[in-house]
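In: need a structure here:
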Amino acid sequence: MADFVGAVDQGTTSTRFMIFDHGGNEIARYQLEHEQILPQAGWVEHNPLEIWERTRAVIETTLNRANLTASDLAALGITNQRETTVVWNRITGRPYYNAIVWQDTRTDRIAAALDRDGRGDVIRRKAGLPPATYFSAGKIQWILENVDGVRKAAEAGDAIFGNTDTWLLWNFTGGTDGGVHVTDPTNASRTMLMDLETLEWDDELLSFFGIPRRMLPQIRPSSNPDLYGVTRRYGPLKGEVPLSGDLGDQQAATVGQVCFEVGEAKNTYGTGNFLLLNTGHELVRSKNGLLTTVCYQFGADRPVYALEGSIAVTGSAVQWLRDQLGIISGAAESEALARQVDDNGGVYFVPAFSGLFAPYWRSDARGAIVGLSRFNTNAHIARATLEAICYQTRDVVEAMHSDSGVTLDVLRVDGGVTANDLCMQIQADILGVPVSKPVVAETTALGAAYAAGLALGFWQSTDGLKQNWNEAQRWQPRWTDEERARGYAGWKKAVERTLNWVDVD
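Out: The predicted structure follows:
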């Protein structure tokens, strides 16, 4: 068998390709950003064709830099930004519209209407999700209703839907020349269309959104010994590499963090924050604003479920400091600027740019910076931005404890923001528990590689994967209980100020 496994990590702001060895060690990587298209307030789009082009480019560059070829890869896994919705023509291969990104809020009226007539309760029971702009179904409905010709094409079976994993798998396996139209349960569980118990598309849920069943991909296991297919269309990988792993990005990070036991949790810091708690084969239905989701399904095994707290804006709040305010020139500079002050100076920043996700689920909320006085500087705003990342995580941890009774002993963390030492120290201070970062911080790509490799015997078992996990850094809490309580009380007051800002019909 070949010595390495490759993983495509198709994220919200960029696409990367990484190659791993048997020890889970990174061999090579390359990453490219793609355009964030913002047609109007609350709308966020990507160009699916650009994403496919970037995917091809990062694979080619990574292989070249590592002096490897397709024959060196035993398998290929895919992980992706979840909920981001692509509808394209299976005959021409052309998207009907840009990908509507998970952050997009244009479907707020669709989501609000679901709760007014009781359909929302059915969605919560069957899909484990609250009606929200976050998920795919409302985005599909919007495209069907607002893009000429799509409804007719969908009913004829020509217009098909997928999150970005499905879009890439279809292109990898031939596209218009026999491309497979598939997804896995972790991505399907983010649509509001899949029954969590049966792992099948549900006709009643489809009827709520007027979505023809023919649009939807086949649901196959996240780690698939039968393969999704082999790479056919793309140059160096043409017809050679088995596609055997597919996981939504946050579930992939959970696998990469080897959280295979009930009660184990991880938090990924990317564009948003996503905290997942493994609940095993039990469906735990949240009463505190969390999502019940599929964590993974390996082969013919029963699915493993999770509770998830999804936070829309964390790392992207730092981007906002750079791109919109211009007070930093790069993400790394946020730490240096925030270190110029000892605390937030009374300033709180709630980055509710797309409303508030877990545990609030308030699409009427909008961002606010509160507590300003003439004493405050851009350093206080930078500090408040880092604290916002950490306070939003505490909101989710509190809800998770209420739902599951689990008290965290340690929080495993990964993702780009974990490079910010100050932010991770603040996280430990705000939670009051140690924060632990693994040697391989890009656990999203690693989890996709694990899923692909497990399917084909590159790795024999999840027990073996646990041996690959090693801690790189640990942050211990320094705040007193009084400091922690006072800071969190201020955060809760700030959140209240963001509510009821936008009228949602």
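
In: could you use CA atoms for every contact and neighbour count after this?
Out: Noted.

In: buried ones in stretch 363-372?
Out: Of the residues in stretch 363-372, 363-370 count as buried by neighbour count, 16 or more other C-alpha atoms under 10 Å.

In: save these as TSV, and put in distance to residue 17 too.
Out: Formatted as TSV, the buried residues of stretch 363-372 follow (distance: C-alpha to C-alpha, whole Å):
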residue	distance to residue 17
363	34
364	37
365	36
366	35
367	33
368	36
369	37
370	40
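
In: which of those residues fall in helices?
Out: In this view, the buried residues of stretch 363-372 have no member that belongs to helices under DSSP state H.

In: now, the most widely separated pair of those?
Out: 363 and 370 (19.6 Å; C-alpha to C-alpha).

In: which one of the buried residues of stretch 363-372 is nearest to residue 224?
Out: Using C-alpha to C-alpha, the buried residues of stretch 363-372 come closest to residue 224 at residue 363, 36.7 Å.

In: that older thread, just the buried residues of stretch 363-372 now: which is nearest residue 228?
Out: residue 363 (36.4 Å).

In: for the closest one, give me its contacts.
Out: 105, 108, 132-133, 354-357, 502, 504 (C-alpha atoms under 8 Å, 6 or more residues apart in numbering).

In: does residue 107 touch residue 139 like I think?
Out: Yes - Residue 107 is within contact range of residue 139, at 6.6 Å (criterion: C-alpha atoms under 8 Å).

In: among the two, which residue is more densely surrounded?
Out: Under the criterion of other C-alpha atoms under 10 Å, the comparison of residue 107 against residue 139 puts residue 139 first, with 28 against 22.

In: quick one: the helices in the stretch 251-400 of the chain, in order.
Out: In the stretch 251-400 of the chain, the segments counted as helices under DSSP state H, counting those that start in this stretch are 315-320, 333-338, 378-404.

In: quick revisit: save the buried residues of stretch 363-372 as TSV, and put in distance to residue 338 and pLDDT too.
Out: Shown next, in TSV, are the buried residues of stretch 363-372 (distance: C-alpha to C-alpha, whole Å; pLDDT from 0 to 100):
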residue	distance to residue 338	pLDDT
363	29	83
364	30	88
365	26	92
366	23	94
367	20	94
368	19	95
369	16	96
370	17	96
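
In: looking at those, which are in strands?
Out: 368-370 (DSSP state E).

In: which of those residues lies closest to residue 158?
Out: residue 368 (43.9 Å).

In: thinking that closest one is in contact with residue 354, fair?
Out: No - the criterion here is C-alpha under 8 Å, and residue 368 misses it with residue 354 at 12.0 Å.

In: sorry, back to before: Throw the ones in strands among the buried residues of stretch 363-372 into CSV and include distance to residue 423, thanks.
Out: Shown next, in CSV, are those (distance: C-alpha to C-alpha, whole Å):
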residue, distance to residue 423
368, 20
369, 18
370, 20
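
In: shaky segments in this structure?
Out: Where the chain drops to pLDDT under 70, the residues are 1, 504-505.

In: touching stretch 97-110 from outside, list them.
Out: For stretch 97-110, using C-alpha under 8 Å, 6+ apart, the contacting residues are 12, 42-48, 81-88, 132-136, 138-139, 142-143, 147, 312, 354, 363, 504-505.

In: which parts of that stretch are buried?
Out: 97-108, 110.

In: what would those residues look like in CSV with secondary structure and distance to residue 289?
Out: As requested, the buried residues of stretch 97-110 are arranged in CSV below (DSSP: H, G, I helix; E, B strand; the rest coil; distance: C-alpha to C-alpha, whole Å):
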residue, secondary structure, distance to residue 289
97, coil, 32
98, coil, 30
99, strand, 27
100, strand, 24
101, coil, 22
102, coil, 18
103, coil, 18
104, coil, 20
105, coil, 18
106, coil, 21
107, coil, 20
108, helix, 18
110, helix, 19
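
In: intersection of neighbour lists for residue 107 and residue 139?
Out: residue 133.

In: angles on the backbone of the residue of the chain positioned farthest from its centre, please.
Out: Residue farthest from the centre of the chain, counting by C-alpha atoms, centre = their mean, is residue 374 at 38.0 Å. Dihedral pair for residue 374: phi -70, psi -20, per degrees, to the nearest 10.

In: many thanks, I have nothing further to ask.
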